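Q: Build me a model:
(one chain, ligands or ions: 1)
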Amino acid sequence: MPKLVWLNGQVMPLESAVTSVADHAHLYGDGLFEGIRIYGRKVFKLDEHLARLFHGCTFMGFEMTTTPADLRATILDVCRQADIANGYIRLNVTRGTGLGLDPKHIVRTPNIMVMVSSLALYPEEAYEIGLSVITSSFRVISPDALDPRVKAIGRYAANILAKQEANRAGAGEGLMMNHQGYIAECTGDNVFFVKDGVVRTPHPSCGILEGITRNSVIELAREAGYSLEETFLTPFDAFTADEAFLTGTAAEVIPMVALDGRKIGCGTPGQITQDLMRKFREHTHSGVAF
Ligand SMILES: Cc1ncc(COP(=O)(O)O)c(C=O)c1O
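A: Next up is the predicted model:
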């Protein structure tokens, strides 16, 4: 599948899309991004992703040159041009271009990119047998240092370290704690545990990205009549859970069946997990058509 990029107003093949080495995200991680899925020629949760991006821009003080409505139209147009049924959109916005930390001294015209590509994070069998996860020694950035609602490029240094640690251990993901020792999230996914029929996930104040997939699953679980709590969880809750699963745009909903070599529940995807996976798959048809 050809990968198409819209960069600052121009559409081109991925190979031709280049930005300045003085881009502020290249120099300082001073940018924001969104990963968005395309299911059946529809962009899933497009408005939610745009809202998160623009809230991030406001928080960071980026001088945006486009509106959510215009960027939305651009994204749908690039998808149309890419002519892709199922895929992945990477949306990046950086503050601008110029050397030096101080935004006052740079050209503050954001560099905006929409990349339409494909993505398969885990093989299909991982959704059937579930992931083994390790507890990472790397913690999430404390929410009082950088608000986790900002999906800033720079914050991913810690997550990449945690992902490498998981890779070295042969695990599918790394579970990151926060500065207080509460469970936060995995490197690119939110986490849920099921105990005695109650579905629990870390409260946003634990320093998690408030995932759009997480929010969809919370809604689906509540609609289905499950009791759902956003709360404070420790490794005790993970090791004693009956079931666990991860959620994220890239990972979708995937069972987590072991932590640090110890089985969670029976060590196979649980009933509630499978039910929510099914419900989520049905829900993926609800996107914006292009
Ligand atoms: C650190 C982190 N947590 C959670 C998520 C899941 O968020 P979403 O469901 O919005 O993709 C992501 C994915 O972007 C992430 O990077």
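
Q: So what touches stretch 272-286?
A: The contact list for stretch 272-286, computed with Cβ atoms under 8 Å, 6 or more residues apart in numbering, reads 37, 39-40, 42, 44, 127, 194, 197, 199, 213, 216-217, 220-221, 224, 226, 243-245, 247, 252-255, 269. Heads up, the C-betas are built off the backbone N, CA and C, glycines and all.

Q: Tell me how many other residues surround the nearest residue to residue 111 once chain neighbours are set aside.
A: Nearest residue to residue 111, sequence neighbours excluded (Cβ to Cβ, 6 or more residues apart in numbering): residue 94, at 4.7 Å. Neighbour count for residue 94, taken as other Cβ atoms under 10 Å: 25.

Q: For residue 94, which residues count as its bridge partners?
A: residue 31, residue 111 (DSSP bridges).

Q: ok, now residue 198?
A: Taking DSSP bridges, one finds residue 195, residue 227 as the beta-bridge partners of residue 198.

Q: Report the contact partners of it.
A: The contact partners of residue 198, taken as Cβ under 8 Å, 6+ apart, are 226-229.

Q: from what I can see residue 248 touches residue 189, true?
A: Yes. Look at residue 248 against residue 189 with Cβ atoms under 8 Å: they come within range, at 3.6 Å.

Q: what bits of the stretch 1-150 of the chain have low per-residue confidence?
A: Where the stretch 1-150 of the chain drops to pLDDT under 70, the residues are 1-2.

Q: what ranges do the strands span in it?
A: With DSSP state E, counting those that start in this stretch as the criterion, the stretch 1-150 of the chain has strands at 4-7, 10-13, 31-39, 42-43, 87-94, 111-117, 131-135.

Q: Make TSV out of the ones you listed and add distance to residue 180.
A: Below are the strands of the stretch 1-150 of the chain laid out as TSV (distance: least, Cβ to Cβ, whole Å):
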stretch	distance to residue 180
strand 4-7	41
strand 10-13	46
strand 31-39	26
strand 42-43	37
strand 87-94	31
strand 111-117	36
strand 131-135	15
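
Q: nearest to the ligand, of those strands?
A: Closest approach to the ligand among these (Cβ to the nearest ligand atom): strand 31-39, 5.3 Å.

Q: and that closest one, anywhere near the ligand?
A: Yes. Contact between strand 31-39 and the ligand is present through residue 35 (criterion: Cβ under 6 Å from any ligand atom).

Q: Offset the numbering so it begins at 57, please.
A: Shifting the count to begin at 57 puts that one at strand 87-95.

Q: from the chain's centre, how far out does that strand sit?
A: Remark: strand 87-95 is offset 8 Å from the chain centroid, using Cα atoms, centre = their mean, to the nearest Å.
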